[in-house]
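A.B. asks: sharing a model that was predicted from the sequence below.
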Amino acid sequence: MTDSNQHAADFVRLIQENRGILYKISHSYCRKEADREDLIQEMIYQLWKSDQRYDASYKFTTWMYRIALNVAISYYRKEGRPGIRVALGGDLNLMDLEDKSSLDGMLEEKIDLLQQFIRELGELDKALMILYLEERPYKEVAEILGISETNVATRVSRIKERLRKQFKNFL
């Protein structure tokens with residue numbers, strides 16, 4: 001196997017091993033299945049295109065998150081994309097409640113309300129919350145989003161406070 005064939009095979013293997021990241025982000029930014037599929041294809045294309053710039057001093061998943069979130073934000077911003085809006089839910093740990101029928105009605109209402117409040121956040125804050133809800137370390141979140149760890153901590157704190165106030169005002 002040539003070096004370029006081996007490199008391509010390694011790239012495909014890494015994408016396969018970490019495809020959950022792509023699904024998670026696409027579910028967070030797109031409601032319609034067709035839009036999610038298009039977004040995933042665009043993320044894979046951009047990852048492939050950026051592969052030569054990958055810095056092995058970073059974890060592959062950190063780099064992958066950074067590229068995929070940037071693609072999702074750009075995709076979301078494009079005008080004329082019907083059905084595209086942040087649809088927080090699906091694969092996120094906190095939101096992984098596919099069968100809400102077993103949940104107490106009040107808890108279900110609070111989860112729906114939380115999803116609504118998060119959808120109203122700015123694009124960077126939405127991306128930050130995706131990573132926060134996945135319990136990613138602040139250092140990794142900072143690397144992915146290209147901001148300082150202090151900025152991550154400050155933003156998370158402010159978002160949590162804003163969400164607390166919104167809950168108080170709503171309930």
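C.D. replies: Nice, I can see it.
A.B. asks: if I pick the spatially most central residue of the chain, what's in contact with it?
C.D. replies: By C-alpha atoms, centre = their mean, the chain has its centre lying nearest to Ile25, at 3.7 Å. Ile25 makes contact with 39, 43, 65, 68-69, 72, 130 under the criterion C-beta atoms under 8 Å, 6 or more residues apart in numbering. C-beta here means a position set from N, CA and C on the backbone, and glycine is covered the same way.
A.B. asks: run the last query once more with 7 Å
C.D. replies: Contacts of Ile25 were listed using C-beta atoms under 7 Å, 6 or more residues apart in numbering, and they are 68-69, 72, 130.
A.B. asks: so which helix or strand takes in it?
C.D. replies: helix 19-29 (DSSP states H and E).
A.B. asks: and Lys110, how many residues sit next to it?
C.D. replies: Neighbours of Lys110 under the rule other C-beta atoms under 10 Å: 15.
A.B. asks: go on, Leu121?
C.D. replies: By the criterion of other C-beta under 10 Å, Leu121 has 17 neighbours.
A.B. asks: same question for Ser50.
C.D. replies: By other C-beta under 10 Å, 15 other residues sit near Ser50.
A.B. asks: thought it was touching Ile67?
C.D. replies: Yes: applying C-beta atoms under 7 Å as the test, Ser50 and Ile67 come out as touching, 5.7 Å apart.
A.B. asks: give the next helix or strand downstream of the lowest-mean-pLDDT helix or strand in the chain.
C.D. replies: Ranking every helix and strand in the chain by mean pLDDT, DSSP states H and E puts helix 105-119 at the bottom, with a mean of 72. Downstream of helix 105-119, the next assigned helix or strand under DSSP H and E is helix 123-133.
A.B. asks: ok and that following helix relative to helix 105-119, angle-wise?
C.D. replies: Inter-element angle recorded for helix 123-133 and helix 105-119: 140 degrees (by axes from the mean of the first three to the mean of the last three C-alpha atoms, to 10 degrees).
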